[in-house]
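Asker: Requesting a structural model of the entry that follows:
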Amino acid sequence: MSSRSLTARVLLVTSIWIAVALVVIALVISHLYRQGAEKSFDDLLRAQLYNVINSVSIGKDGRLDGHPELGDLKFVQPHTGWYWIVEPLGDFKASPINSISLGTGKIPVANTRDYPFNSHYERFYREHDSFGNDVEVAETEVLLDNSGHAARFRVVGNHAEIEREINAFDRQVLLVFVMFGLGSLLVNAGAIVVGLRPLDAVRRALEDIRGGKSEALTGSFPREISPLVHEVNALIDSNRRIVERARTQVGNLAHSLKTPIAVLLNEARRLDEGPGKLVSAQVTTMQAQVQTYLDRARIAAQAATVLARTEPAPLIDQLIRVMRRLHPDLAFTVAVARDVPAIAMERQDVTEIVGNLLDNAAKFTRGNVALHVSRTSEIDESKDRPFVSVVVEDDGKGLDEVEIAEAMKRGRRLDESKPGTGLGLSIVSEIVNEYQGKLRLDRSPMGGLRATLLLPEVAL
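Answerer: Numbers count the residues shown, from 1 in each chain. The predicted structure is shown next:
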């Protein structure tokens, strides 16, 4: 799907939103789980701490005495990271006692400025034991008797265990969210494709209209698209009425002028030879001018409609057959590419401009005329679609830049020995401009003039 596809855009935006939302939710869940796990870990250490406090006292010999039973074998297995420690404070000179698991190892005591006691005279901090374990320490200080003997009680837990638990939970959350995210993307893509399918139906209906298979958008469309369908049908109907009205007006005007011009021509023949020729020439010019502007009015009406369509291959074939009959002594070379799309112009206008160029080439060639039709990469910026290129060239003497500029002027004939009115190239230029196409004249590799038409193709 291209970047201009509505389906691609909606799918991209929703996919990004789903991905971001799932990542944020996963991070929040992981954070909340970590908070809960660490609180539970601290609560466990606190419970074990008070169990040790309740199990230790000062014996009759003045020493610390007690054998806490914490119900966990990790406190009796060496180097596990799970320990309890009771250390005398102040003037109390008894020896400290600790769990079997600590052995001769040490747990540093954190500075109270960095980790102060809370309102319950407890504090929790992270340290490393003598064996490299990352441990969490729960600590408090307790007065053991009425003589002022106090001791520091610490219970230590291996923090790596809670990290392993949190990491296992994170992996499970990641797996679940990845599966859920992929499923959501598939469901989302399906919903978008199904939801936007009516737009594809509209596109196919428009293609049928351009292809001449239909004259309006037909079918059952959702409520959200129905107004668009109605407006497009109204636009097509309006274009059709404009074309018909223009054709009617052109026909009426041509009919109304036909008789007066014929009368003037007949009357010119009765005049003396000098004035008669002058009047006859002027009336003939007037007749050509009227016909030209009537054609331009018709073209302006047709160029605005979406229904203009001409297949180039059969038209070119027909024109070449006519030219070969009119000029049996000339060689016509024709090349029409297979992938050439339809031209967004009325057939009679394409016939007019290509026929003019072929006729012009036939007049000035030495014997060879070439015609090439292909799709070009040059873009019609006003309609954002490629042009169809029609190139007519000959092996005559050609024109230089100054002569090309003169040839484009209405009624200018560079070679008076050739028949014609001098209107051919200017008419071609006017018709092409009405359809927002382009006409270029330059020197052909064959030696003569090369005329290049860039005509708008029918949009797909």
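
Asker: what about Ile29, neighbour count?
Answerer: Neighbours of Ile29 under the rule other C-beta atoms under 10 Å: 15. (Glycine included, C-beta is placed from N, CA and C.)

Asker: Mind listing residues that contact the top strand by length along the chain?
Answerer: Ranked by number of residues, the top strand in the chain under DSSP state E is strand 368-380. Contact with strand 368-380 is made by 312-313, 316, 320, 323, 330-337, 339-341, 354, 358, 361-362, 385-395, 436-437, 446, 454, 456-457, as judged by C-beta atoms under 8 Å, 6 or more residues apart in numbering.

Asker: For the closest residue in space to Val10 that isn't next to it in sequence, give its distance to Arg240.
Answerer: Excluding its sequence neighbours, the residue lying closest to Val10 (C-beta to C-beta, 6 or more residues apart in numbering) is Ile192, at 5.2 Å. Distance, Ile192 to Arg240, by C-beta to C-beta, to the nearest Å: 35 Å.

Asker: Pick out whichever of these two has more residues nearby.
Answerer: Shown here are Ile192 and Arg240; by other C-beta under 10 Å, Ile192 has more neighbours (19 against 15).

Asker: can I assume the more buried one sits in a helix?
Answerer: Yes - according to DSSP: H, G, I helix; E, B strand; the rest coil, the state of Ile192 is that of a helix.

Asker: That one contacts Leu12, doesn't it?
Answerer: No - Ile192 is beyond contact range of Leu12, at 10.2 Å (criterion: C-beta atoms under 8 Å).

Asker: Could you list the low-confidence segments of the stretch 251-400 of the chain?
Answerer: 251, 254-255, 258, 272-273, 288-289, 291-307, 380-385 (pLDDT under 70).

Asker: can you rerun that using 90?
Answerer: 251-310, 338-349, 352, 360, 363-364, 375-387, 396-400 (pLDDT under 90).

Asker: now the stretch 101-250 of the chain
Answerer: 103-106, 120, 130-132, 144-149, 181, 184-250.

Asker: residue ranges for the helices of the stretch 51-200 of the chain, please.
Answerer: Taking DSSP state H, counting those that start in this stretch as the criterion, the stretch 51-200 of the chain carries its helices at 159-195, 197-210.

Asker: will you turn these into TSV that also has distance to Leu257?
Answerer: Output for the helices of the stretch 51-200 of the chain, formatted as TSV (distance: least, C-beta to C-beta, whole Å):
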stretch	distance to Leu257
helix 159-195	57
helix 197-210	35
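
Asker: Most tightly packed of these?
Answerer: Comparing the helices of the stretch 51-200 of the chain on average neighbours per residue, with mean count of other C-beta atoms under 10 Å, the densest one is helix 197-210 at a mean of 15.

Asker: Run the chain-centre distance for the next helix or strand after that one.
Answerer: Using DSSP states H and E, the helix or strand that follows helix 197-210 in sequence is helix 226-270. Averaging C-alpha positions (C-alpha atoms, centre = their mean, to the nearest Å) puts helix 226-270 43 Å from its chain's average.

Asker: and Val392, what helix or strand is that in?
Answerer: strand 385-394.

Asker: which parts of the following helix or strand past that strand are buried?
Answerer: For strand 385-394, the succeeding helix or strand toward the C-terminus, using DSSP H and E, is helix 401-407. Buried residues in helix 401-407, counted by 16 or more other C-beta atoms under 10 Å: Glu403, Ile404, Ala407.

Asker: distance between helix 401-407 and the chain's centre?
Answerer: Worked out by C-alpha atoms, centre = their mean, helix 401-407 lies 45 Å from the chain centre.

Asker: tell me which strands and helices that helix is in contact with?
Answerer: Applying 3 or more C-beta pairs under 8 Å, 6 or more residues apart in numbering; DSSP states H and E, we find helix 401-407 packed against strand 438-443.

Asker: distance between the helix or strand following the strand it packs on and the chain's centre?
Answerer: The helix or strand immediately downstream of strand 438-443 is strand 449-456, counting by DSSP H and E. Its chain's C-alpha centre lies 33 Å from the corresponding centre of strand 449-456 when counted by C-alpha atoms, centre = their mean.

Asker: Leu199 and Ile192 touch, don't they?
Answerer: No - using C-beta under 8 Å, Leu199 makes no contact with Ile192, being 10.9 Å away.

Asker: Could you chop this structure up by domain?
Answerer: 8-165, 226-303, 312-456 (automatic domain parsing).

Asker: Redo the ones you listed as a markdown table? Include distance to Asp208.
Answerer: Listed next are those as a markdown table, based on distance: least, C-beta to C-beta, whole Å:
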| stretch | distance to Asp208 |
| --- | --- |
| domain 8-165 | 24 |
| domain 226-303 | 12 |
| domain 312-456 | 13 |
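
Asker: okay, the residue nearest to Ser429 when sequence neighbours are not counted: pLDDT?
Answerer: Nearest residue to Ser429 in three dimensions, chain neighbours excluded: Leu439, at 5.1 Å (C-beta to C-beta, 6+ apart). In this model, Leu439 is scored at 90, pLDDT.

Asker: on contacts alone, who are the packing partners of the helix or strand where Ile16 lies?
Answerer: Element membership for Ile16 (DSSP H and E) is helix 6-55. If you count contacts as 3+ C-beta pairs under 8 Å, 6+ apart, helix 6-55 packs onto strand 83-89, strand 122-128, strand 134-143, strand 150-158, helix 159-195.

Asker: Just send these back as a markdown table, with distance to Ile29 too.
Answerer: Output for the helices and strands packed on helix 6-55, formatted as a markdown table (distance: least, C-beta to C-beta, whole Å):
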| stretch | distance to Ile29 |
| --- | --- |
| strand 83-89 | 32 |
| strand 122-128 | 24 |
| strand 134-143 | 23 |
| strand 150-158 | 24 |
| helix 159-195 | 6 |
